[in-house]
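Participant: Please find the sequence and the predicted model below.
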Amino acid sequence: MKYLKLLLLPWMAAVVAASFLWPEPAKGFLGESSRIVFFHVPCAWTAALAFLVAAGYSVGWLVARNPRFDEVAETAVRLGLLFAVLTLLTGSLFAKIMWGSYWNWDPRESSYLLLVFLYSAYLFLRAAVDDRERRARIGSAYAVFAAVLMPFLVFVAPRVTASLHPQTVINPQGKILMDAPTKTVFFAALAGFTGLFFWMLEIESRLARLTRERRQTG
Amino acid sequence: MTGPRARLGFFSRAWAVCAKDAAQELRRRVAIASIFFFAATALALVSYAVGPFGLPPEARSSLDASLLWIILFFSAATGLPRAFVREEETGTGLGLRKVASGVVVLAGKGLFNFLLFLAIAALSVPAFAVLLEWRVASPVALAAVVLLGGWGLSIVSTFLSALVARAGQRNVLFLVVSFPLLVPLLLPAIAATIQASEGAVAQTPLRVLAAYDGAATCAAYLLAAVVWED
Amino acid sequence: MSSLAYLATVNVVVWVGLFVYLWRLDRRISEQERNR
């Protein structure tokens, strides 16, 4: 595990370097702006992954009632919030370059704004409860309920209304419309961000456990 | 639960919860009246704001539909959480917990909230149409949207208000917690409403609403016991 | 500085900084866990 973590820096360094040097900018994009796909999309993917992880650990808590699971779930939501905000920031930079304005109320970008609201709501809800066990229970119930409704948010709503967004990776044709260098760097970036996320998740949740144990004994 | 009690039937128990809530609310009519008055206030606000300035004709149908659902959402957000807040206020929560399972309470209060929402809509929608001169070509299609959208709104609000009831800062928290989950309902509802005002029955949004309602109901059913613990 | 070079510099600073921060945090936590 330690070696995987050490690997992360050279991996991401290679990804960053490659993203600027290797693939050609994509057609239909202004200047070099298509390179943002190597950062913006992995951020978005990580934010969504964080939510799935949180929902999974929430289900785990509901079944096993192990406080550790609840800790990991909450940590995952916090990280998800971070990555969702990063997604919005990188996305609005891109929007400024491509369409001249930072925000357009495009359904896809709005859905990530809504994710920010959702993660925040989860944290607010938990903050309002004092008892640890009840907090875990209420947090888990909300996370699972939200997870069931999330597909409607992310997949359905943007398709019911028209969108400015460039063709997504998950598209109707089911094929990936990228050339080989782009594809390689993209998936490498995706892997890097995922590794980063799990490392941050592990650190933050270990810290949470230490704090909890210290509070219980100290 | 097995034996004679079980044979009392899930629906009749849920209905009993619903009827109890209705009786309680109607006894002290202030709370119910204030919910309707809230809807009236929201409607008046919109009318006063929009009236003198008017809406641009091209955008009228989408603006009208959006405003309507905003009014309905805020009226619901104000009125529906009362189902559980009242239990906390009167201290009857513990008693109810002893006689009814989470699912029964959810079904009963969900049903009550649905009926309450329909009552609010029955008054707000015609008033809205009159005050803002909103013409609806297909009232049947509109009714379908209100029914489907209303059920989703009610079940999600009921479930979330149970969650929020045990925490402090209830009203603000309910709004914060319900908004992200209700947007995927409001968007198709508005889309379908626009179509209804133009005379069409919007297939896709209505199907999305139905799917949302199904998903929300199943999730609420599965999680009801968890929320109702302790 | 061209915008590309600027972006490259930002990236280097961010990623190296992030990695160093996470690594040190990881070490500190491992130490705390050993001591508890």
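Facilitator: Good, I have the coordinates. Numbering: from 1, shown residues only, chains lettered A, B, ... in the order given.

Participant: C-alpha from now on. contacts and neighbour counts both.
Facilitator: Fine.

Participant: And the pLDDT at residue B:24?
Facilitator: As predicted, residue B:24 sits at a pLDDT of 80.

Participant: The residue positioned nearest the centre of chain B: helix or strand, and which one exactly?
Facilitator: In chain B, the residue lying closest to the centroid (C-alpha atoms, centre = their mean) is residue B:154, at 3.5 Å. Using DSSP states H and E, residue B:154 falls within helix B:139-165.

Participant: Find me whatever residue is spatially closest to the residue nearest to the centre of chain B, sequence neighbours aside.
Facilitator: residue B:114 (5.2 Å; C-alpha to C-alpha, 6 or more residues apart in numbering or on different chains).

Participant: Please name the residues that touch the one you found.
Facilitator: With contact set as C-alpha atoms under 8 Å, 6 or more residues apart in numbering or on different chains, residue B:114 has these partners: B:150-151, B:154-155.

Participant: Spell out, range by range, the strands that occur in chain C.
Facilitator: Using DSSP state E, chain C contains no strands.

Participant: distance of the residue of it at minimum distance from chain B from residue A:149?
Facilitator: Among all residues of chain C, residue C:18 sits closest to chain B, at 31.1 Å; criterion: C-alpha to the nearest C-alpha. Taking C-alpha to C-alpha, to the nearest Å as the measure, residue C:18 falls 34 Å from residue A:149.

Participant: The two - which one has more neighbours?
Facilitator: A side-by-side neighbour count of residue C:18 and residue A:149, using other C-alpha atoms under 10 Å in any protein chain shown, places residue A:149 first with 22 against 13.

Participant: Which stretches in chain B count as helices?
Facilitator: Using DSSP state H, the helices found in chain B span residues B:4-7, B:10-27, B:29-50, B:60-79, B:82-90, B:93-99, B:102-131, B:139-165, B:170-197, B:203-227.

Participant: With distance to residue A:74 as new columns, can the ones you listed be given to me in CSV?
Facilitator: Putting the helices of chain B into CSV (distance: least, C-alpha to C-alpha, whole Å) gives the following:
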stretch, distance to residue A:74
helix B:4-7, 38
helix B:10-27, 34
helix B:29-50, 35
helix B:60-79, 26
helix B:82-90, 26
helix B:93-99, 28
helix B:102-131, 25
helix B:139-165, 17
helix B:170-197, 16
helix B:203-227, 18
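
Participant: Indicate which one of the ones you listed is closest to residue A:38.
Facilitator: helix B:170-197 (27.8 Å; C-alpha to C-alpha).

Participant: buried set for the closest one?
Facilitator: Of all the residues in helix B:170-197, those buried under the rule 16 or more other C-alpha atoms under 10 Å in any protein chain shown are B:170-171, B:173-197.

Participant: Centre of the chain to it, how far?
Facilitator: If you compare the mean C-alpha spot of helix B:170-197 with that of the full chain, they lie 10 Å apart, counting by C-alpha atoms, centre = their mean, to the nearest Å.

Participant: Over to stretch A:179-195?
Facilitator: Its chain's C-alpha centre and that of stretch A:179-195 lie 16 Å apart, by C-alpha atoms, centre = their mean.

Participant: where does residue A:145 land on pLDDT?
Facilitator: 95.

Participant: Can you give me the neighbour number for it?
Facilitator: That count, for residue A:145 with other C-alpha under 10 Å as the rule, works out to 23.

Participant: Check the spacing between residue B:198 and residue B:141 real quick.
Facilitator: When C-alpha to C-alpha is the yardstick, residue B:198 and residue B:141 sit 10 Å from each other.

Participant: Now for residue A:93: which residues touch it?
Facilitator: For residue A:93, the set of contacting residues under the criterion of C-alpha under 8 Å, 6+ apart consists of residue A:102.

Participant: show me where pLDDT drops low in chain A?
Facilitator: When the per-residue scores of chain A are filtered using pLDDT under 70, the ranges that remain are A:1, A:22-33, A:154-178, A:218.

Participant: center of it, which residue is that?
Facilitator: Residue closest to the average C-alpha location in chain A (C-alpha atoms, centre = their mean): residue A:47, at 1.0 Å.

Participant: For it, which three-state class applies?
Facilitator: Using DSSP: H, G, I helix; E, B strand; the rest coil as the criterion, the local structure at residue A:47 reads helix.

Participant: right, and the secondary structure at the nearest residue to it once chain neighbours are set aside would be what?
Facilitator: Computed as C-alpha to C-alpha, 6+ apart, the closest residue to residue A:47 that is not its neighbour in sequence is residue A:80, at 4.4 Å. At residue A:80 the chain is in helix, as set by three-state DSSP.

Participant: Just confirm residue A:80 contacts residue A:120, I think it does.
Facilitator: No: using C-alpha atoms under 8 Å, residue A:80 is not in contact with residue A:120, being 10.0 Å away.

Participant: Which positions within the lengthiest helix in chain A qualify as buried?
Facilitator: Taking DSSP H as the assignment, the helix of chain A that covers the most residues is helix A:180-217. For helix A:180-217, the neighbour count (16+ other C-alpha under 10 Å) marks A:182, A:184-186, A:188-210 as buried.

Participant: If you count surrounding residues, which of residue A:80 and residue A:120 has more?
Facilitator: Applying other C-alpha under 10 Å to residue A:80 and residue A:120 shows that residue A:80 carries more neighbours, namely 29 against 18.

Participant: Spit out the contact partners of the more buried one.
Facilitator: A:46-51, A:119.

Participant: Of those residues, just the buried ones, PyMOL syntax please.
Facilitator: Listed next is the PyMOL selection for buried residues among the contacts of residue A:80, using 16+ other C-alpha under 10 Å:
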select buried, chain A and resi 46+47+48+49+50+51+119
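
Participant: and which of the contacts of residue A:80 is nearest to residue B:47?
Facilitator: The closest of the contacts of residue A:80 to residue B:47 turns out to be residue A:119 (C-alpha to C-alpha; 34.4 Å).

Participant: Hmm, that closest one is touching residue A:77, no?
Facilitator: Yes: when contacts are counted by C-alpha under 8 Å, residue A:119 is listed as touching residue A:77 (6.1 Å).
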